[in-house]
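pasting the sequence and the predicted coordinates here, then a few questions.
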Amino acid sequence: MALLKDGSIVLLKGKKREFFVEVSDGKLHTDLGIIELKDLREREYGDRINTHLGHDLLIRKPRTPDFFRNCKRVGAPIVPKDIGIIIAYTGICKEDEVLDAGTGSGVLAIYLGSIASKVITYEKNAEFVKTAKKNIDNAGLKNVEVRHGDILSEIPKIKENFDIITLDMRDASQVIPYAKSILKPSGFLVTYSPFFEQSKDVRDAMGKEFSDVKTLECMEREISFARGLTRPSTRVVGHTGFITIARL
Ligand SMILES: C[S@@+](CC[C@H](N)C(=O)[O-])C[C@H]1O[C@@H](n2cnc3c(N)ncnc32)[C@H](O)[C@@H]1O
């Protein structure tokens, strides 16, 4: 197994807390004590280190759900339950080229980039572009390209063709007439909309050229386990968004 070097991003997992850190000369001050980040050098995933107060932390290799919990967020990132629907219903695979907009924090782009061959993602807000690039860089993904620009004015200029197009942005319905021309035959178009009205606009814009159009909402309910008291958790993720999936 490769040893950790400066610049590696790792997850330090305690009993109740976790920390997302970069191997460096720095120190991280936490409620569990100070973590000397140089102590991570030459260590392996699965090793353990201690804070200066003796709290034990497991060194983990971060994976996409860890980036979702710990990356810098701007706006409202799409959540794993909804990403799961997109992955499952499009059958995204390692040959796929994906167009995504808007990037936001880059959470969806990171999940898609961890599966597909290439993801190009557009974001109109320059600050969000910087955040997303940093998050994608931390995730170690070289196949996710963030482009700064308004997809509405940029999409007519796009020369590439895509297997999947994902739109998590307010005016998704306005992008659809152009999306048709750069989506490969058999390709999937996916939109994520918090409101019924947006989903209706998206379905109207899909018109007759798309088939197998489906709008879904995914409910996630965790089960709380305790002796004799096992039941669904009282805290649930409420409404997030509606996912519309269609195919050329
Ligand atoms: C809900 S967030 C996307 C979250 C993202 N999917 C994630 O997982 O982190 C919507 C983003 O779309 C961007 N956006 C809205 N309209 C856009 C447009 N026309 N072109 C590019 N980006 C746009 C917004 O600035 C915002 O960052």
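Received, thanks.

residues from this structure in reach of the ligand?
75-78, 101-102, 104-108, 122-125, 128, 150-152, 168-171 (Cβ under 6 Å from any ligand atom). To be clear about C-beta, it is placed using only N, CA and C from the backbone, and glycine gets the same treatment.

now do 8 Å
73-78, 83, 100-110, 122-125, 128, 132, 149-152, 154, 166, 168-171, 175, 192 (Cβ under 8 Å from any ligand atom).

what about these, which are in helices?
Using DSSP state H, the subset of the residues of the chain next to the ligand located in helices is 83, 107-110, 128, 132, 151-152, 154, 175.

out of those residues, who has the most neighbours?
With neighbours taken as other Cβ atoms under 10 Å, the top of those is Ala109, carrying 30 neighbours.

by proximity to the ligand, which residue of the protein wins?
Gly102 (2.0 Å; Cβ to the nearest ligand atom).

quick one: the closest residue to that residue other than its chain neighbours from Leu108, how far?
Excluding its sequence neighbours, the residue lying closest to Gly102 (Cβ to Cβ, 6 or more residues apart in numbering) is Met169, at 4.2 Å. As defined by Cβ to Cβ, to the nearest Å, Met169 lies at a distance of 11 Å from Leu108.

just to revisit the earlier point, could you dump the ones in helices among the residues of the chain next to the ligand to JSON lines with pLDDT?
Output for those, formatted as JSON lines (pLDDT from 0 to 100):
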{"residue": "Ile83", "pLDDT": "98"}
{"residue": "Val107", "pLDDT": "97"}
{"residue": "Leu108", "pLDDT": "98"}
{"residue": "Ala109", "pLDDT": "98"}
{"residue": "Ile110", "pLDDT": "97"}
{"residue": "Phe128", "pLDDT": "98"}
{"residue": "Ala132", "pLDDT": "97"}
{"residue": "Ile151", "pLDDT": "98"}
{"residue": "Leu152", "pLDDT": "97"}
{"residue": "Glu154", "pLDDT": "97"}
{"residue": "Val175", "pLDDT": "97"}
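
dump the longest strand along the chain to CSV, keeping only the CA atoms.
Longest strand of the chain, by residue count under DSSP state E: strand 183-193. Extracted as CSV, the C-alpha positions of strand 183-193 are listed here (Å, rounded to 0.1, in the frame of the first residue of the first chain):
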residue,chain,number,x,y,z
LEU,A,183,-26.6,14.2,-26.4
LYS,A,184,-25.5,11.0,-28.1
PRO,A,185,-28.2,8.6,-29.4
SER,A,186,-29.4,6.4,-26.5
GLY,A,187,-28.0,9.0,-24.1
PHE,A,188,-29.7,10.2,-20.9
LEU,A,189,-30.8,13.7,-19.8
VAL,A,190,-31.3,14.2,-16.0
THR,A,191,-32.6,17.2,-14.3
TYR,A,192,-32.9,17.9,-10.6
SER,A,193,-35.6,20.4,-9.5
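
contact partners of it?
Residues from elsewhere that reach strand 183-193 (Cβ atoms under 8 Å, 6 or more residues apart in numbering): 78, 82, 86, 89-90, 161-168, 172-173, 176, 179, 198-199, 202, 206, 210, 241-248.

what do you get for stretch 119-138?
9, 22, 67, 71-75, 97-107, 109-110, 112-113, 143-151, 154, 160, 162.

show me what contacts the one residue sitting closest to the centre of the chain?
Nearest residue to the geometric centre of the chain (Cα atoms, centre = their mean): Val107, 2.2 Å. Taking Cβ under 8 Å, 6+ apart, we find Val107 in contact with 67-68, 71, 77-78, 83, 135.

tell me the domain boundaries of the chain?
9-60, 66-247 (automatic domain parsing).

and the first one, how far out from the chain's middle?
When you say that, I think you mean domain 9-60. In terms of Cα atoms, centre = their mean, to the nearest Å, the centre of domain 9-60 is found 24 Å from the chain centre.
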